[in-house]
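A.B. asks: quick check, what structure comes out for this input:
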Amino acid sequence: MTAGDTPRDRDGFLVTAFIPVKSLVRGKSRLSGRLDLMRRTQLTHDSLRHVVHTLRSVPRIGDIVIISRDLQVAEWAARWHVAHMRERRRGLNAALHEARTRYASAAAILILPSDLVAVSATDVRAMLEAAHQAGDHCVVIAPDRHGRGTNALLLRPPGLIDFEFGRNSAARHAQRALAQGVQPIWFRSDSICLDLDSPDDLELYLDQW
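C.D. replies: Residues are numbered from 1 along each chain as shown. As a prediction, this is how the structure comes out:
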C-alpha cells in the first residue's frame, strides 16, 4: 500500500495516525535535570512504542506514520513495521502539514504525540467513535491535564482546519473548528491527558502509572 492509499472499513472510514517525534538530542530537554540523555532517549523509545502498540490494537486505525528527522527513530519505525516520514520543513505544524499532504487521500487523521505514556486503546476508540457519530465534518480535541495543550487531535476530513500546536493550542484548535462552522468535540481522560513535558508530569507518571 502506498502513502495515502488508506482503505475504508465497513463503517465508512479508517483513520491515519501521525506520531511526531523530536530529535532525540533535543527531545525532553525540560527533563534534563532529572534524566540524562541516555535515559531520556530510553523514555522516548518506550513511550513511542507504547503509542504505536496502542494504535495497532484499534481496528479503525489504518496507516501509522512516525514523523521524525532522527535516524534512530527511523530505525525504530522499521523495527516496528510502521511507516516513517522524514519531514523537510522544520516545526511541528509544518511537519504535520507536510504529512497531511502526503497522505491526502486519508478519510481522517489522528495526531498523537510520542510522549503519551498512559494513552489507552479505550481512549483511541472513544475518539474514533465520537468522530463516527459526528459525521463527515468533525474536530475531536483531547487537551492536556492543564487544559491548554493538545494531546490528541482528530480531524475528519484531514484538511478541515489548520494545525495550531504550541502554547494554548487546545483553545486555538477549537476556535479554528468554530470558524469552519463545526462544534469541537472535547475528549478527556486521566490517561490521555498525561504527557511528559515537565518534571511534574514525570513525577505524576511514576506515582500513578
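A.B. asks: which residues of the chain fall in strands?
C.D. replies: 15-20, 61-67, 83-85, 108-111, 138-143, 150-156, 185-186 (DSSP state E).
A.B. asks: what sits against residue 176?
C.D. replies: Residues near residue 176 by CB atoms under 8 Å, 6 or more residues apart in numbering: 139, 161, 162, 164. For every residue, glycine as well, the C-beta is placed using N, CA and C.
A.B. asks: what is the nearest of those to residue 182?
C.D. replies: Set against residue 182, the nearest of those by CB to CB is residue 139 (5.6 Å).
A.B. asks: burial of that closest one, as a residue count?
C.D. replies: Neighbours of residue 139 under the rule other CB atoms under 10 Å: 23.
A.B. asks: gap between it and residue 187?
C.D. replies: 11 Å (CB to CB, to the nearest Å).
A.B. asks: next: residue 195.
C.D. replies: Taking CB to CB, one finds residue 195 at 15 Å from residue 187.
A.B. asks: compare those two (neighbour count), which wins?
C.D. replies: residue 195 (23 against 20).
A.B. asks: thought that one was touching residue 146?
C.D. replies: No. Taking CB atoms under 8 Å as the definition, residue 195 is not a contact partner of residue 146, at 10.1 Å.
A.B. asks: low-scoring pLDDT stretches of the chain, where are they?
C.D. replies: In the predicted model, the chain carries pLDDT under 70 at residues 1-12, 25-36, 196-209.
A.B. asks: show me where this structure has its helices.
C.D. replies: In the chain, the segments counted as helices under DSSP state H are 37-56, 71-79, 92-102, 121-134, 169-179, 199-208.
A.B. asks: could I get those helices as JSON lines with distance to residue 109?
C.D. replies: Formatted as JSON lines, these follow (distance: least, CB to CB, whole Å):
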{"stretch": "helix 37-56", "distance to residue 109": "12"}
{"stretch": "helix 71-79", "distance to residue 109": "17"}
{"stretch": "helix 92-102", "distance to residue 109": "6"}
{"stretch": "helix 121-134", "distance to residue 109": "10"}
{"stretch": "helix 169-179", "distance to residue 109": "13"}
{"stretch": "helix 199-208", "distance to residue 109": "25"}
